[in-house]
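K.L.:
turn this into a model:
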Amino acid sequence: MRLKECVLVTILIILICCFSVKWSKHQEAAKRSYEVNGVVTDCDNPGLFKAHFNCCPLKHCPANYFPFHLYSGVADMVAAKICLNNTIIMGGIRNNAGEGLNIVIANGGTGEVLRNDYFNVKSKGPEELLAYLKTLKPGNIVLVASHIDPTPQLTDEIREIFAALGSTMVTSLKPRDSWVFAGTYGIKEARPFEKLIPNDVGKNAYGDWPEMGGVIGCLPRITETE
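P.N.:
I've put the predicted structure just below:
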């Protein structure tokens, strides 16, 4: 009896080991197949694995364009998320997004992330956000996603800066609105991307909170001649 038990246990161990090795190979194959222009995304191949909230969905863009994803926070439960080049920069698995305005500044020629931070009235005053925005140089990409309430930071001067970046909705932004924005500083030909979900008690998806605002698109690479 003991001999049979030992044989069964041995077979079971062998089967588990074989399954583990095979599963690991599937995972590696999925990750290898999900490379985009040499940049590995934060997602596994959706053909093998279910998509999850921490992922940046794959976005194909023409040559000389940068893919981006922007998601505002959801109520007071889920943080905002900003992705560039199919890679999470803020939020998701990085856990570095916060209440207020989440802002990423990147080099418009290389796609390199220069700075990322979040600004809310509890931790940083409008003066810090203003100083942060004044570091912008022509050709810089600006990605913004709100969470909870972005308006305490938005003085008239700061709203004017976003308007100069191409925002047409920042002037009407109200408490608890969901807002996402992508633009390029100093390049008039670069079309901005923007979405605003107003806070409306009668239409809100989550009681006191509107639904998540999301924008996915492609931003043109900025050359030195532009």
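K.L.:
quick check: the residue lying closest to K203 once chain neighbours are set aside vs G73, distance?
P.N.:
Excluding its sequence neighbours, the residue lying closest to K203 (C-beta to C-beta, 6 or more residues apart in numbering) is P210, at 7.5 Å. Just so you know, the C-beta spots here come from the backbone N, C-alpha and C atoms, and that holds for glycine as well. Going from P210 to G73 by C-beta to C-beta, to the nearest Å gives 11 Å.
K.L.:
okay, those two: which has more neighbours?
P.N.:
G73 (26 against 22; other C-beta atoms under 10 Å).
K.L.:
got a list of what the residue nearest to K203 touches?
P.N.:
Each residue near P210 by C-beta atoms under 8 Å, 6 or more residues apart in numbering is listed here: R176, D177, S178, I197, P198, N199, D200, K203, N204.
K.L.:
and it, what pLDDT?
P.N.:
You'll see P210 listed with a pLDDT of 87.
K.L.:
how many residues are close by D149?
P.N.:
20.
K.L.:
ranking the contacts of P210 by neighbours, who comes first?
P.N.:
Counting by other C-beta under 10 Å, top hit in these: S178 with 29 neighbours.
K.L.:
pretty sure that residue contacts Y206?
P.N.:
No: counting by C-beta atoms under 8 Å, S178 sits too far from Y206 to count as a contact (10.2 Å).
K.L.:
okay, and E127 sits in which element?
P.N.:
If you go by DSSP states H and E, E127 is part of helix 126-133.
K.L.:
give me the most central residue, this protein.
P.N.:
Per C-alpha atoms, centre = their mean, the C-alpha nearest to the average position across the chain is that of I82, at 1.7 Å.
K.L.:
residues in contact with F193?
P.N.:
F68, L70, V180, F181, A182, G183, V215, G217, L219.
K.L.:
and the fifth one, how far is that from L143?
P.N.:
It refers to A182. A182 is 5 Å from L143, by C-beta to C-beta.
K.L.:
and the two? which has more neighbours close in?
P.N.:
For A182 versus L143, the count of surrounding residues by other C-beta under 10 Å is larger for A182: 30 against 26.
K.L.:
by mean pLDDT, point me to the weakest helix or strand of this protein.
P.N.:
None of the helices or strands of the chain scores lower by mean pLDDT, DSSP states H and E than strand 35-36, at a mean of 36.
K.L.:
buried sites along the helix holding E127?
P.N.:
For helix 126-133, burial by neighbour count (16 or more other C-beta atoms under 10 Å) applies to L129, Y132, L133.
K.L.:
for these, which one is nearest T155?
P.N.:
Closest approach to T155 among those (C-beta to C-beta): L129, at 8.6 Å.
K.L.:
my read is that D76 contacts Y206, right?
P.N.:
No: look at D76 against Y206 with C-beta under 8 Å: they stay out of range, at 9.1 Å.
K.L.:
next, the angle from the very next helix or strand once past the helix holding E127 to helix 126-133.
P.N.:
The helix or strand immediately downstream of helix 126-133 is strand 141-147, counting by DSSP H and E. Orientation check (axes from the mean of the first three to the mean of the last three C-alpha atoms, to 10 degrees): strand 141-147 against helix 126-133 gives 150 degrees.
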